[in-house]
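>>> sequence and predicted structure below; questions after.
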Amino acid sequence: TTEEQAPKIPNEKLDALVAPIALYPDPLLAQTLAASTYPLQLTQL
């Protein structure tokens with residue numbers, strides 16, 4: 001079978017996308033990243 005690959009994001013665009021994450025406090029970021037692994041459960045809250 002042939003699997004479709006997601007389009008690659010250029011490095012400059014990726015840097016601009018993730019750079020603001022460093023501005024969040026660590027406890028908030030930890031909760032956000034943990035919650036992002038269970039998106040379906042988030043919608044059920």
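That came through fine.

>>> not counting the lengthiest helix in the chain itself, show me its contacts.
Assignment by DSSP state H gives helix 26-36 as the longest helix of the chain. Here helix 26-36 makes contact (Cβ atoms under 8 Å, 6 or more residues apart in numbering) with Ile21, Tyr24, Leu42. (Glycine included, C-beta is placed from N, CA and C.)

>>> save the residues you listed as CSV, and put in pLDDT, neighbour count and distance to Pro7 too.
Listed next are these as CSV, based on pLDDT from 0 to 100; neighbours: other Cβ atoms under 10 Å; distance: Cβ to Cβ, whole Å:
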residue, pLDDT, neighbour count, distance to Pro7
Ile21, 88, 10, 22
Tyr24, 92, 12, 27
Leu42, 74, 10, 25
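
>>> low-confidence ranges in the protein?
Within the chain, the segments meeting pLDDT under 70 span 1-2.

>>> tell me the contacts of Leu17?
Ile9.

>>> give me that answer again for 6 Å
Residues near Leu17 by Cβ atoms under 6 Å, 6 or more residues apart in numbering: none.

>>> against Gln44, how distant is it?
Using Cβ to Cβ, to the nearest Å, Leu17 is found at 27 Å from Gln44.
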